[in-house]
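In: Below are the sequence and a predicted model for it; my questions follow.
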Amino acid sequence: MVAYFYPAEERRLLPVYEVVAPWGLPVLKVGLPHRFSSRRRERMARRLYDRGLRRYLSAEGAGKFLPLVPVDPLPLCRAKGAELLLALMSQVEVRERRVALRGSQADPLAWALGGALCPRVGALLLDFDRGEEALSRHLRDRYGAVCLHLGQGPEPQAALELAPRPESLPRTIALWGRAELPGLTLGVAEGHLPPEYPRLPFLELLWETGRVSLEGVLVGPEAE
């Protein structure tokens with residue numbers, strides 16, 4: 001179970017607790033009084049932690065609830081990284097697409113993303129501090145693609161970052177720290193997500209618990 005913190009509409013002195021199950025996911029809803037000090041919030045979060053809760057969702061601006069940690073949607077965003085980048089390039093012909101894959105180390109995730117991108121772009125540029133040569137050889141052997149180091153080929157039209165880089169590029173999807181998906185978001189193929197919960201963290205929980213498959217997570221414009 002996770003907690004969901006939100007400002008209670010009624011004027012109360014104490015939090016309001018309610019157990020709900022959106023999409024079959026157990027959630028403890030906690031309505032917070034309008035005037036609720038950080039000290040009281042910390043004591044409440046500690047009590048919930050002692051009862052077994054570890055993570056939480058929260059409405060915008062609700063603050064932090066240590067020692068609980070917020071649900072991080074980064075794993076799901078990383079798993080959908082190739083689709084996110086290709087969505088930015090959807091209006092460009094495949095042969096004309098020029099994208100960059102960047103990070104500190106070409107780890108298994110970078111290999112998987114490179115393999116997903118290679119057949120669907122015209123040029124894949126690499127920018128890694130470690131492991132770039134091995135990844136480049138793999139993509140050449142597997143797809144016959146010559147992947148140049150960023151700066152040795154044409155300018156990319158969009159980029160996917162797995163770690164902070166010295167220089168930023170336009171139209172970059174950053175999949176480190178707090179994920180940045182410029183103009184894009186994730187949704188579900190079937191059904192609707194409850195609007196009161198933060199979309200990406202809630203979707204992360206659905207994916208983690210097997211309530212939604214990776215294929216059932218769709219990439220779309222942020223407005224949707």
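Out: Here it is on my side, so go on. As the structure is a prediction and not an experimental result, all values here were calculated from the model. Numbers count the residues shown, from 1 in each chain.
In: hang on, isn't residue 16 packed against residue 30?
Out: Yes: in this structure, residue 16 sits in contact with residue 30. The criterion is Cβ atoms under 8 Å, and the distance is 7.2 Å. Heads up, the C-betas are built off the backbone N, CA and C, glycines and all.
In: out of those two, which sits in the more crowded spot?
Out: residue 30 (23 against 14; other Cβ atoms under 10 Å).
In: what sits against that one?
Out: Contacts of residue 30 were listed using Cβ atoms under 8 Å, 6 or more residues apart in numbering, and they are 3, 4, 5, 6, 15, 16, 17, 44, 48.
In: Secondary structure class of it, three-state.
Out: strand (DSSP: H, G, I helix; E, B strand; the rest coil).
In: quick one: it from residue 194, how far?
Out: 16 Å (Cβ to Cβ, to the nearest Å).
In: where along this protein do the strands fall?
Out: Under the criterion DSSP state E, strands of the chain are mapped to 2-7, 16-20, 27-32, 55-58, 69-70, 98-105, 123-130, 158-161, 172-174, 184-188, 217-221.
In: nearest to residue 85, of those strands?
Out: With respect to residue 85, and counting by Cβ to Cβ, the nearest of those is strand 158-161 at 4.7 Å.
In: The closest one - contacts with which helices or strands?
Out: For strand 158-161, the packing partners by 3 or more Cβ pairs under 8 Å, 6 or more residues apart in numbering; DSSP states H and E come out as helix 81-88, strand 98-105, strand 172-174.
In: what's the burial count for the residue lying closest to residue 86 once chain neighbours are set aside?
Out: Distances taken as Cβ to Cβ, 6 or more residues apart in numbering put residue 120 closest to residue 86, at 5.9 Å, once the chain neighbours are dropped. The tally of other residues near residue 120 (other Cβ under 10 Å) stands at 15.
In: For residue 120, list the residues it contacts.
Out: Residue 120 makes contact with 82, 86, 94, 97, according to Cβ under 8 Å, 6+ apart.
In: repeat for residue 65
Out: When the contact criterion is Cβ under 8 Å, 6+ apart, the partners of residue 65 are 3, 5, 41, 42, 44, 45, 56, 58.
In: what about residue 59, how many neighbours?
Out: The local packing count at residue 59 equals 14, with neighbours defined by other Cβ under 10 Å.
In: What's the PyMOL line that selects buried ones from the contacts of residue 65?
Out: Typed into PyMOL, the next command selects the buried ones out of the contacts of residue 65 (criterion: 16 or more other Cβ atoms under 10 Å):
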select buried, resi 3+5+41+44+45+56+58
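In: Which of the contacts of residue 65 scores worst on pLDDT?
Out: Minimum pLDDT for the contacts of residue 65 is recorded at residue 41 (89).
In: Let me see the contact set for that one.
Out: Per Cβ under 8 Å, 6+ apart, neighbours of residue 41: 32, 63, 65.
In: and stretch 108-119, average pLDDT?
Out: The average pLDDT within stretch 108-119 is 96.
In: Centre of the chain to that stretch, how far?
Out: Between the centre of stretch 108-119 and the centre of its chain there are 17 Å (Cα atoms, centre = their mean, to the nearest Å).
In: same deal with stretch 85-93?
Out: Taking mean C-alpha positions (Cα atoms, centre = their mean), stretch 85-93 and its chain are 19 Å apart.
In: do stretch 135-155 as well
Out: 26 Å.
In: Repeat that for stretch 23-35.
Out: Between the centre of stretch 23-35 and the centre of its host chain there is 22 Å, according to Cα atoms, centre = their mean.
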